[in-house]
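Student: predicted structure and sequence below. I'll ask about it afterward.
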Amino acid sequence: MVKLKNKKIAEAEIPTSSMADIAFLLLLFFLVATVIDVDTGIGMTLPEYQENPDENIVPLSKERLAALLINENGDVLLNGDVIAIPQIRENLTERITQKIELPKNKKLVVSVKTDRKTNYNLYIQALDQVKAAYFQVREAYANTKFGKTSIEDLTEEESNEVKEKIPIIISIAEPEQIK
């Protein structure tokens, strides 16, 4: 009787010696290749810091002030009149246009005041309408004064003149405390 030797069949093995290197390279690749969206916030020019703010309080006349109030239900009041958010631009455009030729201390001030429970989306929509009104008046002024249809077409001097004639003056009033 002849005995045959049992042949051992070699099992397939995956070399793991460089697995950590490959995982590290993949991780590094995805970190470098991924674009992270960063919220930049609302672009607004804030006033400079003042040591004693009570000294520089200047009372505003009703003709200079456009009071925009937004409550928690989404109701919008412009100088006490209920309006829809898309109507903000057309109402403010007329008032801003009337104040173009006045000196800077007589320009229109738009005061935006909200309730603490106001939907943030409504606040942003209202703020966008206010800024759109200013930009619409600026473009109309640039068209009549310089004959250019867009603000981007203006030279730096012309653009500065438009910004000086029609400054964007928005007051963000603090919401009142809820008790």
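Tutor: Done, it's in.
Student: who's in contact with the residue nearest the centre of the chain?
Tutor: Per C-alpha atoms, centre = their mean, the C-alpha nearest to the average position across the chain is that of I42, at 3.0 Å. Each residue near I42 by C-beta atoms under 8 Å, 6 or more residues apart in numbering is listed here: I124, L127. Glycine gets a C-beta too; all of them are placed from N, C-alpha and C.
Student: quick one: it from L127, how far?
Tutor: 7 Å (C-beta to C-beta, to the nearest Å).
Student: and the least confident helix or strand in the chain by mean pLDDT, how far out from the chain's middle?
Tutor: One helix or strand of the chain scores below all others by mean pLDDT, DSSP states H and E: strand 170-173, with a mean of 84. Put simply, strand 170-173 sits 14 Å off its chain's centre (C-alpha atoms, centre = their mean, to the nearest Å).
Student: buried sites along that strand?
Tutor: I170 (16 or more other C-beta atoms under 10 Å).
Student: tell me the strands beside that strand, with direction?
Tutor: strand 109-114 (parallel) (DSSP bridges).
Student: can you show me the CA trace of the strand it pairs with as CSV?
Tutor: Extracted in CSV, the C-alpha atoms of strand 109-114 (Å, rounded to 0.1, in the frame of the first residue of the first chain):
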residue,chain,number,x,y,z
VAL,A,109,-32.8,105.8,7.4
VAL,A,110,-34.5,102.4,7.2
SER,A,111,-35.1,100.9,10.6
VAL,A,112,-35.7,97.1,10.6
LYS,A,113,-37.1,95.8,13.8
THR,A,114,-38.2,92.2,14.5
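Student: which residues does that strand contact?
Tutor: 60, 64-71, 92, 123, 126-127, 130, 169-175.
Student: just the residues you listed: which are in helices?
Tutor: Judged by DSSP state H, helices contain the following of the contacts of strand 109-114: L92, Y123, A126, L127, V130.
Student: the second one against I70, yeah?
Tutor: Yes - the pair Y123 and I70 qualifies as a contact (C-beta atoms under 8 Å) at a distance of 6.2 Å.
Student: who has more neighbours, those two?
Tutor: I70 (22 against 17; other C-beta atoms under 10 Å).
Student: OK, contacts around that one?
Tutor: V76, L77, V112, K113, T114, D115, T118, L122, Y123, A126.
Student: hang on, the earlier thing: farthest-apart pair in the ones in helices among the contacts of strand 109-114, please.
Tutor: L92 and Y123 (16.0 Å; C-beta to C-beta).
Student: having no further points to raise, I will conclude here.
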